[in-house]
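Trainee: the following block contains a protein sequence and its predicted model.
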Amino acid sequence: MRGKRIVSCLLAGLMIFSVTGCSTSQNQQSGTSGGTSQTKETSAVVEDDFGKKDPASYVANLKFMVHSTGQPEYMIKKFNEIYPNINIELVVIPSAEQQEKIMSMVATGEDVPDLFTSRTQFVKAMVESDRYYADLGAAPYNASDWRAQLEPYIVEVGTEDATGALRALSWQCPVGGIYYRRSMAKEIFGTDDPEEMAQIFNSFDSLIDAARKVKAATDGSVFFTSDAPQDLVFMGVTNAGGFMKDGKLNIGDEIKALFEYAKIMYEEGLTLGYVRNDTATAAAISEGKVFCTAKPTWGLNYNIMPNFPEQAGDWALTSGPHPYTSGGTWIGISKSTEYPEECYLFLKFILTNEEFIRSYAIDIGDYVSNVAVQQEIEKYMDEAGASLDIVRFLDGQNPYTYWNGELEKGINPGAYSQYDEYFALYLMAALESYGVGNSEFDKALQQYKDDCLSYAPGLIVE
Amino acid sequence: MIRKKRNINYGLLFIAPFLIGLLVFRMIPFLYTLVMSFTNWNLMTGEKSFNGIDNYKRLLTDKTFMISLKNTVKLWAMNIFPRLAIAMLCAVIFTQSRIKGKGLFKLIFYFPNLVNSATIAILAALLMGWQNGYLNRLLLQMNLIRQPFNWLGQPVTAQRIVAAIIWWQWFGYSAIMFATGILNVSTEYLEAATVDGANSWQKFWKITFPLIRPTVAYVFLTTLIGGLQNFEIPRVITDGLGAPDKSLLTMTMQMHTLAFRSMQYGYGSAYAIGIFMTTAVFAGVSYRFINNKES
Amino acid sequence: MKKIRKTAVYVFLLILAVVCLLPFLIMFNNATQSSADLTTRLTLRPGTELFHNYRNMVAQIPFWAYIKNSFLTTMPNVLLTGYFGTMAAYGFEKFDFRGKSILFAMSMLMMVIPAQISLIGLYRIFSIMKLLNTRWTLILPGICNVLTVYWMRGNIYQVVDTSLLEAATIDGCGQIGIFHRVVLPLCKTGIVTISIINFVAAWNDYINPVTFITTNKKTTLSVGIAMLNNFDYVDLGAVYVAITLSTIVILVFYLLFNSQIMGGVAEGSVKG
């Protein structure tokens, strides 16, 4: 199964390249043989050749800290095809330790990696400080032109609010949606068409009604979702303005409403009740006990496709009440790296080299942040159709069409704060507590406030 | 006792490496933490200045601290009494009765202590899952329950399960400790008692039991200290923040979150000192209590 | 009456034994199931995916390198702990000097400090000593294991007769020689016993390696298993294989050394 997928992807990739030819996109490195032996030390050169030397002449050993190796390994492999002498060593840290590890390394100045990733949940903490990531817009990188090539909200989030410094960027764009089972939808709602389902899901109230319908039609044997708190937080917080709003903890009406929705879902048996338990959720979905799940882009190729191969063709993707994003990985160059040029080349490669990004999108099945490639892949998937596993899995639906469309609705980059990771966990815990009935609304809300305050002592809470 | 030889105090010499190590690897870091506890060092914001006893004032009014303290003690109490009881029972069996295969049983009972805590917590989470956990499926099949029970979602049962896991891990270890203590009771006393006409029961209660008081004290104290530092199992078995409802939040878990997740090294250090104080008090009180009971 | 009691005792022990062993069986069994099966159902029947899971696991992490690293840090740590712990215990037990009780009490106090507290300070110290990211961070702290000192003190009290020491002194043996030639051999059983405990603790230790070691060349197995559990796509089959193998290492070590103890006990019991 897996082998077949790789082969079909490779064939597809080959097709694309033969169709488009060796397109020299504006950012492709010109592997010229101009053997001007300019050394790194010569800085007083009229023409700035930062990053523009002969690819093979770059020799370096970089350390790249990540929490998961799949995508980085692919990137490095492709990168080495053009820059064979830049050796990148992956340093793997369990994701839970990542933030702390980087911060303590920078604090002691010890062994800081040249490149490191941050997850969306805490990227703002890295970006809003000048101690971690270097400013890509400033010398020697001068990469402000990258801004125009990537999805705007990604650029916004990676930009330091106070100074406008561009510190981190992501090669992905984790746009959210709702994945649902087509067969169940047909049975319960009479249709499995994503457009019509989007109508059914276009507000939280109608979403809850749909959940009730699921329960009624299947006599309670199928649950609308397996993890109500997580789904609600995913789908609702971005629209509510984020966990932090106007410099204060956001406990506006939209957030309070989430509590009520959680209660309804628990009380009326609309959720299976797992909270952040991927294993149990996967088991339930496999047995057909769950109708849908709110997940961003990575949910498809990291979660649903690998875990439920036997359900290929029975899934579709549509939008929930509001556009949202969640998760995702960012990358930046360490402020203290000794190889700024080589790091710059790597970033430039994975963020702006359209040839690479295309093959990445097809081979890995990820939704990329490069705007031009987003459009290209949408067309490509339309043409390639069911010959692509990912399209076949969605029974012919083109996921890029969906994701592109969702982005057009607009994602609010201001909805990201440096506390997102833990505030989300605290909110989910509070929603669960209230929903299950372990505490009253006031107590649950107070618990959420207290937890957030405990995490961020200077927080302004009303 | 061997007295000093020549001018070299060998006693000091022998304990020197240990003490130096203690100084460098335990004492100094501890003092560092103590000093940090009076600062507002926050790795995320980068601030690092002294703020007197503000952290401690915050600690004393911190609701979460109280909750974590309560839960830590509760988890400890829930597992210590069954643990000591069963361990003592096993130890008695091992040393007093003529059961065949004692060696094998002793061997097997120690196995649970070998497993990585995180590993066993993951396994337990799988077993106790709500809709799909092994235990629920078994009970459903045997018709003992009609609906799956949310073991790890209710505070009371979640705590009992964690206590049970800790018990599972440690009762063998405690049993062996007790058995060693019982065996160490000098046979002279027991022989004298036999000569005096005492039977096994009397021998045990009147001679052995009182004489293993130091062992019992040692086991109790080490379990107390270890119990108050419970970290791995409650953390891994649910969401790491003490769900459900913070019922599994222990003191070291909260300290870990404060220091290593929200990067509040200053307050986290004060929290750590708070844990230390609490443990010291508990240990001190227990020690007094045990020694006072000694006639 | 006696027979009923005996049977009751057997049943009791048997139940406990099953309780002890069951999770191991489940763990080993899980390593043979496919990852898909593991997420969806429980089956007690052994599966056939062991080799497949094993291949997946070694593809994700350099498993054998991690095991080697674990050994490279655990073995020296255990040796250091046993040696210096016994030495310190000997010093405390058989010698008199000013401030002995205070020093001993202070050492005991160190046990009360939770491990996490020292982490930050220890990180700083290792940084100053330029030892960060080396295996020494996991090995050196072995010389100050309080539990070992306490345990060995009791052991020395039991097995080392002061008369023996005095005789050796008269024979012209230097103090250090006495320690090596008389005390250490006598304490063999005790050292082996406490070494098992230390081995398990060091082998399973997660928080120290993850804090002090960042280069993957020196990462230990416990961290490797956490990584397996933390990747974007968790392959449960691989996780269970890793856990099983790690547990088997400890089991083997335990059984090997336990036979040593059994032998030792037989010897020692002649003394009584």
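Mentor: Structure's in. What do you need?

Trainee: list the buried ones in stretch A:218-228?
Mentor: Applying a neighbour-count criterion of 16 or more other Cβ atoms under 10 Å in any protein chain shown, one finds A:218, A:222, A:223, A:224, A:225, A:226, A:227, A:228 buried in stretch A:218-228. Where C-beta positions appear, they are placed from N, C-alpha and C, glycine not excepted.

Trainee: which helix or strand contains residue B:11?
Mentor: Per DSSP states H and E: residue B:11 is located in helix B:10-22.

Trainee: now flag whichever of the buried residues of stretch A:218-228 is closest to residue B:162.
Mentor: Distance to residue B:162 across the buried residues of stretch A:218-228 (Cβ to Cβ) is lowest for residue A:227, with 22.2 Å.

Trainee: residue A:279 is in contact with that closest one, correct?
Mentor: No: in this structure, residue A:227 is not within contact of residue A:279 by Cβ atoms under 8 Å, at 11.9 Å.

Trainee: please name the residues that touch the residue in the stretch 101-250 of chain C positioned nearest to chain B.
Mentor: Chain B sits closest to residue C:121 of the stretch 101-250 of chain C, with a gap of 2.8 Å, by Cβ to the nearest Cβ. Applying Cβ atoms under 8 Å, 6 or more residues apart in numbering or on different chains to residue C:121 gives the contacts B:28, B:29, B:30, B:31, B:32, B:33, B:36.

Trainee: at 6 Å what do you get?
Mentor: Residue C:121 makes contacts with B:29, B:32, B:33, as judged by Cβ atoms under 6 Å, 6 or more residues apart in numbering or on different chains.

Trainee: so where's the chain shaky on pLDDT?
Mentor: No chain in the question, so chain A it is. A:1-47 (pLDDT under 70).

Trainee: nope, chain C please
Mentor: For chain C (pLDDT under 70), the answer is C:1, C:36, C:39-42, C:232-233, C:261-272.

Trainee: bridging residues for residue A:293?
Mentor: residue A:179 (DSSP bridges).

Trainee: measure it to residue A:255 for me?
Mentor: According to Cβ to Cβ, to the nearest Å, residue A:293 and residue A:255 sit 22 Å apart.

Trainee: residue B:266 too?
Mentor: From residue B:266 to residue A:255 the distance is 30 Å (Cβ to Cβ).

Trainee: how about the strands in the stretch 201-350 of chain A?
Mentor: A:244-245, A:248-249, A:292-296, A:315-318, A:329-333 (DSSP state E, counting those that start in this stretch).

Trainee: who does the first one pair up with?
Mentor: For strand A:244-245, the paired strands and their directions (DSSP bridges) read strand A:248-249 (antiparallel).

Trainee: follow-up on the earlier one: wait, which of the strands of the stretch 201-350 of chain A is closest to residue C:5?
Mentor: That would be strand A:292-296 among those, by Cβ to Cβ, at 57.3 Å.

Trainee: run through who's touching that closest one.
Mentor: Contacts of strand A:292-296 (Cβ under 6 Å, 6+ apart): A:174, A:175, A:176, A:178, A:179, A:180, A:231, A:234, A:235, A:325, A:326, A:327.

Trainee: how far away from the center of its chain is that strand?
Mentor: 13 Å (Cα atoms, centre = their mean, to the nearest Å).

Trainee: and the closest residue to residue C:144 other than its chain neighbours, how far from residue C:146?
Mentor: With Cβ to Cβ, 6 or more residues apart in numbering or on different chains as the criterion, residue C:144 has its nearest non-adjacent residue at 3.2 Å, and that residue is residue B:21. Relative to residue C:146, residue B:21 is positioned 10 Å away (Cβ to Cβ).

Trainee: same check, this time on residue A:374
Mentor: Residue A:374 is 60 Å from residue C:146, by Cβ to Cβ.

Trainee: what parts of chain C come near chain B?
Mentor: Contacts of chain C with chain B, taken as Cβ under 6 Å from any Cβ of the partner chain, map to C:9, C:13, C:17, C:20, C:23, C:42, C:84, C:87-88, C:90-91, C:95-97, C:110, C:112-114, C:116-118, C:120-122, C:141, C:143-144, C:175, C:200, C:204, C:243, C:247, C:250, C:254, C:272.

Trainee: show me what from the stretch 101-250 of chain A comes close to chain C.
Mentor: So the stretch 101-250 of chain A meets chain C at A:108, A:110, A:111 (Cβ under 6 Å from any Cβ).

Trainee: list the contacts of the first one.
Mentor: Just to be clear, that refers to residue A:108. residue C:127.

Trainee: same question, the second one
Mentor: Shown here is residue A:110, whose contacts under the criterion Cβ under 6 Å, 6+ apart are C:127, C:132.

Trainee: how does it look with 8 Å?
Mentor: C:127, C:132, C:133 are the contacts of residue A:110 under Cβ under 8 Å, 6+ apart.

Trainee: how is chain A carved up into domains?
Mentor: By the assignment in automatic domain parsing, chain A contains the domains A:52-173+A:327-393, A:176-324+A:419-455.

Trainee: quick one on the thing from earlier: quick one: mean pLDDT over the helix holding residue B:11.
Mentor: Averaging pLDDT along helix B:10-22 gives 89.

Trainee: tell me the helix or strand right after that helix.
Mentor: That would be, after helix B:10-22 and using DSSP H and E, helix B:28-36.

Trainee: how about that following helix and chain C, any contact?
Mentor: Yes: shown here: helix B:28-36 in contact with chain C (Cβ under 8 Å from any Cβ of the partner chain) through B:28, B:29, B:30, B:31, B:32, B:33, B:36.

Trainee: pull out the buried members of those.
Mentor: Those of the residues of helix B:28-36 next to chain C that meet the buried threshold are B:28, B:29, B:30, B:32, B:33, B:36, by 16+ other Cβ under 10 Å.

Trainee: so what's the residue nearest to residue A:439 when sequence neighbours are not counted up against?
Mentor: For residue A:439, ignoring the flanking residues on the chain, the nearest one in space by Cβ to Cβ, 6+ apart is residue A:433 at 4.8 Å. With contact taken as Cβ under 8 Å, 6+ apart, residue A:433 is in contact with A:439, A:443, A:444, A:447, B:244, B:245.

Trainee: before we move on, the earlier item: of all the domains of chain A, which one is nearest residue C:195?
Mentor: Using Cβ to Cβ, the nearest of those to residue C:195 is domain A:52-173+A:327-393, at 29.0 Å.

Trainee: how far does that closest one sit from its chain's centre?
Mentor: On Cα atoms, centre = their mean, the centre of domain A:52-173+A:327-393 falls 12 Å from that of its chain.

Trainee: quick one: end-to-end distance for that domain.
Mentor: 42 Å (Cα to Cα, to the nearest Å).

Trainee: next, residue 116: secondary structure please.
Mentor: Let's take chain A. Here residue A:116 is strand, with the state taken from DSSP: H, G, I helix; E, B strand; the rest coil.

Trainee: and residue 204, how many neighbours does it have?
Mentor: Using chain A here. Here the number of neighbours of residue A:204 (other Cβ atoms under 10 Å in any protein chain shown) works out to 21.

Trainee: my bad, the chain I had in mind was chain C
Mentor: Residue C:204: 23 neighbours (other Cβ under 10 Å).

Trainee: I figured it was touching residue B:117, is that so?
Mentor: Yes: between residue C:204 and residue B:117 there is a contact under Cβ under 8 Å: 7.1 Å.

Trainee: now stretch C:90-109: buried residues?
Mentor: C:90-95, C:97, C:100, C:103-104, C:107-109.

Trainee: would you list those in TSV and tack on secondary structure?
Mentor: Shown next, in TSV, are those (three-state DSSP):
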residue	secondary structure
C:90	helix
C:91	helix
C:92	helix
C:93	helix
C:94	helix
C:95	strand
C:97	coil
C:100	helix
C:103	helix
C:104	helix
C:107	helix
C:108	helix
C:109	helix
